Structure formats: structure tokens, C-alpha cells
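A.B. asks: Need the 3D shape of this:
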Amino acid sequence: MSFQPVIPAGGLVGWRFLQRTMATQTETFNQGVQIARDTDYFLEKIGQIDSAEQLVSDRRLLRVALGAYGLQDDIDNRFFIRKVLEDGTLDPKALSNKLADDRYKRLSNGFGFGDFPVPNTKLSDFGAKIVAQYRQQAFELAVGDQDNAMRLALNADRQLPQIVSEQGSDATKWFRVMGTGPLREVFEVALGLPKSFGQLDLDRQREVFSDKARGQLGVESFADLARPETREALIQRYLLRAQVAETAVPSSGALALTLLQSMPRLF
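C.D. replies: As a prediction, the model looks like this:
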């Protein structure tokens, strides 16, 4: 039986426990039979893959490839994934550029089948890079099987520094957040935005995200989200608000809301 992450409680208590035990838990998780078999196979075979067709024809390779980008639910959509990979990202008309979910563009760009004469699968460090991403994503999914809010918190803590490090303006990076479902949910809940918020014009949505993040988290520039203390403040607000929304015990919800309201704004 594979190792299941240990989360003794929800909310901030569970989050702090997970932070303290992360190194030990992830190491144990990565030694699980299925994870080890899949990653060993990927490392052995990926350098032999020359095309998107070859990749999608090998279910074991595809499982790791998609899992590394959080797209594991598309494992049976082989024609669609092949099209995403073969189109690349450089052509504005490429399929991944037409999709709202930014993960498809990152998948296509990561493998490079449609953009370069020689795909990235031929790079010496490519397999190790994808395997590391896959292990992170698999651990987050296992956490999510027990507490989905905790999974989204881990995802945000991992992804935000990556987005900060990429080229582009603050507006571009906010659009990236808006186009990545798990990240968007963390920000919407943490900033207290209603579900109807998504019906606004995209430029207006970006302005609201930016303004709310500045007012509640002290985020003057998107680069501020690379700071661990700023991400921690975001995650704490998210977990507390999520706990308030989910709790069935009024006293517990009131306590969580009081804690949320008492949190200082970061500058």
C-alpha cells in the first residue's frame, strides 16, 4: 500500500504540521512503489521520444508528462494532447494559445515538439526536471485526497515564485494567475471575491485582483509574491476563509473569522 500524507487537522493547524514534516513526508511518498516505477520508466525512456505521437502512444510516459503539469485528468484525451503538443506555442493560432487554462501552454512549451527542430526530450536534464515536477504534483494530489484546501495551498506556494521569475509585466502575470484554476481559486477565496466576480471583463478582473492584493496583502508589485512571508499571508487568509465557508459549527467559524480579521496587512 502506498504512503498517504499525514494531515492531522484542517486549516492553519494542518498547514503548520505539513510545513514542519514536508521533507520527511515527501521523501517517504516518493519511495512508494507506483511513483518509483513510473519515474524510473520515464527517466529510462523519455530520451528516445522524438514526437508528440510517440509520447501519447505510451501511457506510462504520458501519465508522468501530464502529471508534471497537473493535467493527469487528460490521460485519455490523447488526440487533444497530441494536438496541443504538436502545435507548440510560438504560433498565435496554436491550440494552447486559445485555451483559457495556461497549463496546456506550459506543457507544450516544456516538451517543445511544435516549436523546435529537436524537442526538449533530447536534453540531458529534461527527464530529471519533469520527474521532479511530477513528484511534487503527485504529492499535492495525495494531500488533496484528504484536504483539497491544503493541496491548493501547496500549489500556490510552489507556483507563485515560478511565475514571478518569468518574463512579462505584472498584468501578464496576473492574467497567468487568472488562467490557472487552482491559483485563481486561492486568490478569489483569500481576497473574499464572490463567484460572480468571474463574469466581469478580464481587464477589470485583473484590476480587482491587483487592488485587493495591494489592500489586503501589501502587494505593490507581483514580484512581492516571491517573498515567503507574503505567500504565507495569502495562504493563511485562504485557509481561514475556506475553513469559515466549510465549517458547520458556528463557534468554529466565528473563531476563524476573528483570526482572519485580526491578521495585520503586510507592507
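A.B. asks: Could you use CA atoms for every contact and neighbour count after this?
C.D. replies: Fine.
A.B. asks: pull the helix or strand with minimum mean pLDDT from this protein.
C.D. replies: Within the chain, no helix or strand scores below helix 250-262, which has a mean of 52 by mean pLDDT, DSSP states H and E.
A.B. asks: so where do the helices sit in the stretch 51-200 of the chain?
C.D. replies: 52-57, 59-67, 78-87, 95-98, 103-111, 126-144, 148-165, 170-178, 181-190 (DSSP state H, counting those that start in this stretch).
A.B. asks: how many other residues sit next to residue 80?
C.D. replies: Residues near residue 80, counting by other C-alpha atoms under 10 Å, number 12.
A.B. asks: For it, give me its contacts.
C.D. replies: For residue 80, no contacting residues are found, by C-alpha atoms under 8 Å, 6 or more residues apart in numbering.
A.B. asks: so how far is residue 18 from it?
C.D. replies: 36 Å (C-alpha to C-alpha, to the nearest Å).
A.B. asks: cool, residue 178 as well?
C.D. replies: 27 Å.
A.B. asks: OK, contacts around residue 50?
C.D. replies: Contacts of residue 50 by C-alpha under 8 Å, 6+ apart are 113, 118-119, 121-122.
A.B. asks: Need the pLDDT of the most centrally placed residue in the chain.
C.D. replies: Per C-alpha atoms, centre = their mean, the C-alpha nearest to the average position across the chain is that of residue 155, at 4.2 Å. In this model, residue 155 is scored at 94, pLDDT.
A.B. asks: Look up how far residue 124 lies from it.
C.D. replies: Applying C-alpha to C-alpha, the value for residue 155 to residue 124 is 27 Å.
A.B. asks: now swap in residue 130 and tell me
C.D. replies: The gap separating residue 130 from residue 124 is 12 Å, by C-alpha to C-alpha.
A.B. asks: who has more neighbours, those two?
C.D. replies: Neighbour totals were compared for residue 130 and residue 124, and residue 130 leads with 24 against 10 (other C-alpha under 10 Å).
A.B. asks: In this structure the more buried one contacts residue 63, no?
C.D. replies: No: counting by C-alpha atoms under 8 Å, residue 130 sits too far from residue 63 to count as a contact (11.4 Å).
A.B. asks: what number of residues lie near residue 210?
C.D. replies: Using other C-alpha under 10 Å, residue 210 has 18 neighbouring residues.
A.B. asks: For it, give me its contacts.
C.D. replies: Contact analysis of residue 210 by C-alpha under 8 Å, 6+ apart lists 174, 219.
A.B. asks: what's the closest non-adjacent residue to residue 10?
C.D. replies: Once flanking residues are discounted, residue 10 sits nearest to residue 147: 7.1 Å by C-alpha to C-alpha, 6 or more residues apart in numbering.
A.B. asks: For the closest residue to residue 135 other than its chain neighbours, report the pLDDT, please.
C.D. replies: Distance criterion C-alpha to C-alpha, 6+ apart; nearest residue to residue 135, sequence neighbours excluded, is residue 30 at 6.7 Å. pLDDT, residue 30: 93.
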